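[1] Give me a 3D structure for the following:
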Amino acid sequence: MRITVGISGASGAVYGVRILEELARLGVETDLVVSKAAALTIRHELDRTVSDVATLATRTHAIGDVGATLSSGSYRSDGMVVAPCSVKTLSAIVNSYDDNLLIRAADVALKERRPLVLLFRETPLHLGHLRLLTSAAELGARVFPPVPSFYHRPETLADVVDQTVSRVLDQFGLDNGFSRWDGDTARRQPAQGAGSDSMRERA
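    Residues are numbered from 1 along each chain as shown. Take a look at the predicted model:
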């Protein structure tokens, strides 16, 4: 299996990095493209460099290399994820503004009808954002804001990130073993702790 991972310049570079780590653990080949803005975000949020992140991928491609293998539909791939996906990147994908390899690779995924998962990172959303997201969905992309869940009782920020990563991998038919919702278990073991009764009453 082979998946393309794009990291653009929105906050949340950790999502792209953790996806790369999990794909490597599962034995999935990866092609990595990092935007210039993402390189700054990786350094600021993770105290890492693009070179550090590149070691997690099978192959890394320069953002300006629009003639790379990823720019052609003849290159075999099982899909692409953009994590995180900035507003600028979303806009470029929707409008097929293929001025760099990340956008071109996403465009190829759409035209070849391969999964394209966009971890859009912005809030609150104005009407322009909503229209772009609607257009992306109409084109065939899977709009996937990294919204945390809490049924798995996260104790750390890493737990929150990893649950989203697990759900992203689901979009490609991959299971990394992260705990899943079990309604029966949840009913047998109701939430404990201060305020839990009042929360259930409000729900």
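
[2] center of the chain, which residue is that?
    Centroid-nearest residue in the chain: residue 83, 3.3 Å away (criterion: CA atoms, centre = their mean).

[3] what pLDDT, on average, does the host helix or strand of that one get?
    Using DSSP states H and E, residue 83 sits in strand 80-85. Across strand 80-85, the average pLDDT comes to 98.

[4] Walk me through which strands it pairs with, and which way each runs.
    Note on strand 80-85: by DSSP bridges, its sheet partners are strand 2-7 (parallel), strand 116-120 (parallel).

[5] Strands of this structure, start to end?
    Along the chain, the segments classed as strands by DSSP state E run 2-7, 29-34, 59-61, 80-85, 116-120, 142-143.

[6] so what secondary structure elements neighbour the last one?
    Right, the one you point to is strand 142-143. Packing contacts for strand 142-143, counted by 3 or more CB pairs under 8 Å, 6 or more residues apart in numbering; DSSP states H and E, involve strand 116-120, helix 127-139. Placement of C-beta: from N, CA and C, glycine included.

[7] ok, and what's touching it?
    Contacts of strand 142-143 with the rest of the structure, by CB atoms under 8 Å, 6 or more residues apart in numbering, involve 115, 116, 117, 118, 120, 133, 136, 137, 171.

[8] Please name the bridge partners of the second one.
    Counting by DSSP bridges, residue 116 is bridged to residue 80.

[9] any idea how far it lies from residue 76?
    16 Å (CB to CB, to the nearest Å).

[10] Also residue 53?
    For residue 53, the distance to residue 76 - CB to CB - is 24 Å.

[11] Could I get the full set of helices for this structure?
    Secondary structure of the chain (DSSP state H): helices located at 13-25, 36-46, 50-54, 87-94, 101-111, 127-139, 157-170, 183-188, 196-202.

[12] for those helices, which one ends up most surrounded?
    Mean neighbours per residue, mean count of other CB atoms under 10 Å, is largest over the helices of the chain for helix 101-111, with a mean of 24.

[13] Can you show me the CA trace of that one as PDB?
    Provided in PDB are the C-alpha atoms of helix 101-111 (Å, rounded to 0.1, in the frame of the first residue of the first chain):
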ATOM      1  CA  LEU A 101       3.500  19.600  -5.800                       C
ATOM      2  CA  LEU A 102       1.200  19.300  -2.800                       C
ATOM      3  CA  ILE A 103      -1.700  20.800  -4.600                       C
ATOM      4  CA  ARG A 104      -1.000  18.900  -7.800                       C
ATOM      5  CA  ALA A 105      -0.800  15.600  -5.900                       C
ATOM      6  CA  ALA A 106      -4.200  16.400  -4.300                       C
ATOM      7  CA  ASP A 107      -5.600  17.300  -7.800                       C
ATOM      8  CA  VAL A 108      -4.300  14.000  -9.100                       C
ATOM      9  CA  ALA A 109      -6.100  12.100  -6.200                       C
ATOM     10  CA  LEU A 110      -9.300  13.800  -7.100                       C
ATOM     11  CA  LYS A 111      -9.100  13.200 -10.900                       C
END
